[in-house]
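Q: Turn this into a structure:
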Amino acid sequence: MKAIEVTGNIDENGQLFLDQPIENLPPGKVRVILLFPEVTAEIEPDPDDTPVEEIKASLRRALQQAKSGKTRPISEMWERIDVE
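A: Residues are numbered from 1 along each chain as shown. I've put the predicted structure just below:
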């Protein structure tokens, strides 16, 4: 069996709707495994989930720094790393 990861939503009737179509696969029966957050009194944010806008802003800053030559050689970065 081959696995493909997609995202989607389940409506009030329990119907699954994918965010995008699955292409290049022949029609046929599939097996579906759903991963969803556990319902708790308080949903804790995942520390690895950086907001998309924050990531975009960081990438824009990095691109501007690279374009303006405000970069450091990797050799300098290694000098500041403590190796035991």
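Q: Mind giving me the packing neighbours of the strand or helix carrying residue 17?
A: Using DSSP states H and E, the element containing residue 17 is strand 16-18. Under the contact definition 3 or more Cβ pairs under 8 Å, 6 or more residues apart in numbering; DSSP states H and E, strand 16-18 sits against strand 8-10. Placement of C-beta: from N, CA and C, glycine included.
Q: hmm, back to that, tell me which strands the strand holding residue 17 pairs with, and in which orientation.
A: strand 8-10 (antiparallel) (DSSP bridges).
Q: tell me which residues in the strand it pairs with are buried?
A: Using 16 or more other Cβ atoms under 10 Å as the burial criterion, none of the residues of strand 8-10 qualify.
Q: sorry, back to before: list the buried residues in the strand holding residue 17.
A: Per 16+ other Cβ under 10 Å, strand 16-18 contains no buried residues.
Q: residues in contact with residue 34?
A: 10, 16 (Cβ atoms under 8 Å, 6 or more residues apart in numbering).
Q: let's go with 7 Å and repeat that
A: Neighbouring residues of residue 34 by Cβ atoms under 7 Å, 6 or more residues apart in numbering: there are none.
Q: That one and residue 9, how far apart?
A: 11 Å (Cβ to Cβ, to the nearest Å).
Q: Ramachandran coordinates for residue 50?
A: Residue 50 has phi and psi values of phi -80, psi 130 when expressed as degrees, to the nearest 10.
Q: what's the burial count for it?
A: Using other Cβ atoms under 10 Å, residue 50 has 10 neighbouring residues.
Q: Lovely, talk soon.
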